[in-house]
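Student: dropping a prediction and its sequence here:
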Amino acid sequence: MGDRYWLWVGARLLVGVVIVAWAVSYLGTGSGEKEFRKTLEAMKQVHTFRMAYTANPTGTQHSEMLWEIDCNRDALHHQWHLVENSTNPPSELNQDDLVVAGQEYARQTDGSWSPARSSGFGSAKIYCHHLADGTDGRLMPQIATMIQRGIIQKGDKKTVNGIRCREWLVTLKGGTSGLEHDTVCLGLDDHLPYEMTVDWAHSRSTFSDYNAPIQLDLPEAAMQPASSNNGSN
């Protein structure tokens with residue numbers, strides 16, 4: 001009886017050690033947190049980028065977005081294509097907006113730009129401040145939050161738009177099921193994010209053209225104010 005008791009105690013202790021080791025590897029200062037902190041620092045040096053987003057959040061909707069951010073000119077370009085398949089025929093929404101130095105413009109059917117009321121996208125300056133400060137913004141993966149509250153698991157290497165990156169699996173509280181399962185692929189050389197997926201939204205985002213020139217079709221009215229603002233900084 002005594003031998004069985006001590007064997008039982010020893011087995012429970014062994015299981016406890018395994019659980020603690022697993023928790024430390026996931027929640028402690030492991031390789032995931034270290035890599036994500038490198039990403040925060042790398043993102044502080046980003047001044048231009050593109051983000052392409054696709055999602056099927058409800059099963060009947062398909063959404064595509066393109067964001068182009070140029071911190072140097074305080075310019076933000078946003079395109080949105082939405083298809084709702086629950087109607088017959090399916091309904092579509094197309095939107096093309098540009099925000100330069102706080103002034104918003106909407107693309108017209110003839111291809112020209114017209115001043116528009118705020119659509120809530122904000123300005124490039126807001127997103128650029130988040131990057132420079134190392135805080136979470138709306139477009140880039142929420143790396144700071146993932147470090148603080150996420151369980152980060154190392155995944156495999158892959159190629160996204162010609163860039164080699166390593167995928168990290170992140171579990172957070174949130175989403176429709178109580179848990180949100182994300183993946184983030186970080187560049188092997190520059191630590192920047194190149195892909196992100198979110199399970200509950202059925203979404204995928206890809207990031208490209210870091211610090212590359214962003215060619216924007218700026219309205220004539222926006223060119224002078226934008227250059228004047230840049231010159232005054």
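Tutor: Thanks, I have it. Numbers count the residues shown, from 1 in each chain.
Student: what is the burial count for Leu98?
Tutor: 23 (other Cβ atoms under 10 Å). Quick note: C-beta positions are derived from backbone N, CA and C, even for glycine.
Student: what helix or strand does the residue nearest to it when sequence neighbours are not counted sit in?
Tutor: Nearest residue to Leu98, sequence neighbours excluded (Cβ to Cβ, 6 or more residues apart in numbering): Tyr105, at 4.6 Å. Here Tyr105 sits within strand 103-107, counting by DSSP states H and E.
Student: quick one: list the elements packing against the helix or strand that that strand is followed by.
Tutor: Next helix or strand after strand 103-107 toward the C-terminus (DSSP H and E): strand 113-115. Where contact means 3 or more Cβ pairs under 8 Å, 6 or more residues apart in numbering; DSSP states H and E, strand 113-115 is packed against strand 103-107, helix 220-232.
Student: which of the ones you listed has the lowest average pLDDT?
Tutor: Note on the helices and strands packed on strand 113-115: helix 220-232 shows the lowest mean pLDDT, a mean of 55.
Student: and the strands in the protein?
Tutor: Per DSSP state E, the chain carries strands over the ranges 48-55, 61-70, 75-84, 91-100, 103-107, 113-115, 151-160, 163-173, 179-187, 193-198, 203-208.
Student: okay, those strands, which one's buried deepest?
Tutor: By mean neighbour count, with neighbours taken as mean count of other Cβ atoms under 10 Å, strand 193-198 ranks first of the strands of the chain at a mean of 22.
Student: with distance to Lys38 added, can I get the strands of the chain in TSV?
Tutor: Converted to TSV, the strands of the chain look like this (distance: least, Cβ to Cβ, whole Å):
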stretch	distance to Lys38
strand 48-55	17
strand 61-70	21
strand 75-84	27
strand 91-100	31
strand 103-107	35
strand 113-115	39
strand 151-160	13
strand 163-173	12
strand 179-187	8
strand 193-198	11
strand 203-208	16
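Student: give the contact list for the closest residue to Ala132 other than its chain neighbours.
Tutor: Distances taken as Cβ to Cβ, 6+ apart place Lys44 nearest to Ala132, at 5.7 Å, with adjacent residues excluded. By Cβ atoms under 8 Å, 6 or more residues apart in numbering, the contact set of Lys44 is 131-134.
Student: what's the pLDDT at Lys44?
Tutor: The model reports Lys44 with a pLDDT of 97.
Student: below-threshold pLDDT in this protein: ranges please.
Tutor: 1-30, 176, 224-233 (pLDDT under 70).
Student: mind doing that once more with 50?
Tutor: Residue ranges of the chain with pLDDT under 50: 5-9, 11, 14-29, 225-233.
Student: identify the residues contacting Thr54.
Tutor: Thr54 neighbours (Cβ under 8 Å, 6+ apart): 62-65, 203-204.
Student: ok, so of these, who is nearest Lys34?
Tutor: Arg204 (25.6 Å; Cβ to Cβ).
Student: and the closest residue to that closest one other than its chain neighbours, what are its bridge partners?
Tutor: Closest residue in space to Arg204, ignoring its immediate chain neighbours: Thr197 at 5.0 Å, by Cβ to Cβ, 6+ apart. Here Thr197 sits in beta bridges with Thr183, Arg204, as judged by DSSP bridges.
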